[in-house]
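# got a sequence here, can you model it:
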Amino acid sequence: MRRGLGVATAVVAMASVGCGGEGDEEDWAGLVAGGTPPATPYDGPLYVPGEEPEVYTLEAVRTAAGAAGRALECDGEIYSGGGSGSWGKSDGGRTPEEGLRAFFDMEQADDPRHGYRVEREEADRVLFSFDVDGRTKVAVVVAKDQKGRPGWGPESNATCDPAELPASFTESKPYEIWTDRNGDRVPLAEVSSHAGDAHCGWETARFLSMGHYEDDRTYARDPDGVLGSDLLTAPYDGEAALPEGARDTGFRFGDRQLWLTDDPSKVYVRASGGVEAWPLVKDGMGCR
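The predicted model follows:
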């Protein structure tokens, strides 16, 4: 059996529009593309019982991803994954392809919306895959007429780390993908960054995240003080110096370089303008 190492979860946010709802049909052009099936398609079960985790650990998400997680062919570790809830008759699709569209409608999935192919099909289940260089990076299993899920719709879904998806897709996303000293893209599960949310008034702030699931940490650049001292564990320092013993991670984004010390309460970002110390963000940070 072909088994992948990475899984991704769609954000569960039930939409009011199902497969039969209104929408721009051009948005779905090319959702399922033709193509030659792989010489060795995923040959494991298309149904694997899964349970949504109470705590999102790596092992828990592997379990939650079910059959879709097993169908992946990731280069790195599991990212996230999960199943689907129930829905009404008007939400399910009439065909497997409409069931895939229902996955995006119902789950508001932030995955590529074009270029899937049928990797395997059974009487009541179909595995759709999105491939990069012939390897499955996103997998969605749709099922027909399951309990509480009339018609065709999503049963399990999984994706590899976004850094393994095409740049043409990830460049349109808010997250920033760093590279290593060899110029290779670094998984978001290791390090990523993004600008602050405009609706919070945090446009001038920038966040850097390291780790994933239970060991994740987020640091912040806050030159204008828009976050406030109650959200940060220490003040941001825009004119810092690299401490003795600081080590270069090799991670780069533009001219930014990420340096670390043995002190996890801050990271150092070195750029053409100098060195900045970004403090650790407090747990549970959010707009107030």
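
# what are the ranges of the helices in the stretch 1-150 of the chain?
Remark: helices assigned in the stretch 1-150 of the chain by DSSP state H, counting those that start in this stretch are 58-64, 66-71, 96-107.

# dump the ones you listed into CSV; add mean neighbour count, mean pLDDT and distance to Asp262 as well.
Backbone N, C-alpha and C define where each C-beta goes, glycine included. Shown next, in CSV, are the helices of the stretch 1-150 of the chain (neighbours: other C-beta atoms under 10 Å; pLDDT from 0 to 100; distance: least, C-beta to C-beta, whole Å):
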stretch, mean neighbour count, mean pLDDT, distance to Asp262
helix 58-64, 19, 89, 25
helix 66-71, 28, 95, 35
helix 96-107, 24, 95, 41
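
# of all those, which lies closest to Asp145?
helix 96-107 (10.7 Å; C-beta to C-beta).

# list the contacts of Asp224.
Applying C-beta atoms under 8 Å, 6 or more residues apart in numbering to Asp224 gives the contacts Thr204, Ala205.

# can I get the helices of the stretch 1-150 of the chain in a markdown table with distance to Gly196?
Output for the helices of the stretch 1-150 of the chain, formatted as a markdown table (distance: least, C-beta to C-beta, whole Å):
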| stretch | distance to Gly196 |
| --- | --- |
| helix 58-64 | 27 |
| helix 66-71 | 32 |
| helix 96-107 | 26 |
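
# where do the strands of the stretch 101-250 of the chain begin and end?
Under the criterion DSSP state E, counting those that start in this stretch, the stretch 101-250 of the chain contains strands at 117-121, 125-132, 135-146, 149-159, 176-177, 191-195, 206-210, 217-221, 237-240, 247-253.

# return the most buried member of the ones you listed.
strand 149-159 (a mean of 28; mean count of other C-beta atoms under 10 Å).

# please save the CA atoms from that strand in PDB.
Coordinates of each C-alpha in strand 149-159 appear next as PDB, following Å, rounded to 0.1, in the frame of the first residue of the first chain:
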ATOM      1  CA  ARG A 149     -24.900  12.500   4.300                       C
ATOM      2  CA  PRO A 150     -27.400  12.000   1.400                       C
ATOM      3  CA  GLY A 151     -26.000  12.100  -2.100                       C
ATOM      4  CA  TRP A 152     -22.300  12.400  -3.000                       C
ATOM      5  CA  GLY A 153     -20.100  14.400  -0.600                       C
ATOM      6  CA  PRO A 154     -16.800  14.500   1.200                       C
ATOM      7  CA  GLU A 155     -15.900  11.700   3.700                       C
ATOM      8  CA  SER A 156     -12.200  12.300   4.400                       C
ATOM      9  CA  ASN A 157      -9.700  14.800   3.100                       C
ATOM     10  CA  ALA A 158      -6.000  15.300   3.500                       C
ATOM     11  CA  THR A 159      -3.100  17.400   2.100                       C
END
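
# now the angle from it to helix 96-107?
80 degrees (axes from the mean of the first three to the mean of the last three C-alpha atoms, to 10 degrees).

# now do strand 149-159: distance to the chain's middle.
Chain-centre distance of strand 149-159: 18 Å, with C-alpha atoms, centre = their mean, to the nearest Å.

# what's the mean pLDDT across it?
Averaging pLDDT along strand 149-159 gives 96.

# what does the domain assignment say about the protein?
If you go by automatic domain parsing, the domain ranges for the chain are 25-164, 174-279.

# any idea which of the ones you listed scores lowest on pLDDT?
Among the domains of the chain, domain 25-164 scores lowest, at a mean of 91.

# off-centre distance for that domain?
Domain 25-164 sits 14 Å away from the centroid of its parent chain (C-alpha atoms, centre = their mean).

# where's Glu59 relative to Glu214, distance?
Distance, Glu59 to Glu214, by C-beta to C-beta, to the nearest Å: 10 Å.

# just Glu54 next, same as before
Note on Glu54: its distance to Glu214, by C-beta to C-beta, is 12 Å.

# next one: Pro154
With distances taken as C-beta to C-beta, Pro154 is found 26 Å from Glu214.

# distance to Gly286 for the domains of the chain - can I get that in JSON lines?
Converted to JSON lines, these look like this (distance: least, C-beta to C-beta, whole Å):
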{"stretch": "domain 25-164", "distance to Gly286": "17"}
{"stretch": "domain 174-279", "distance to Gly286": "8"}
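
# which of those sits closest to Met285?
domain 174-279 (5.1 Å).

# could I get the phi/psi values of the residue located most distally from the centre of the chain?
The outermost residue of the chain relative to its centre, with distances by C-alpha atoms, centre = their mean, is Glu244 at 35.6 Å. With angles defined as degrees, to the nearest 10, Glu244 sits at phi -60, psi 130.
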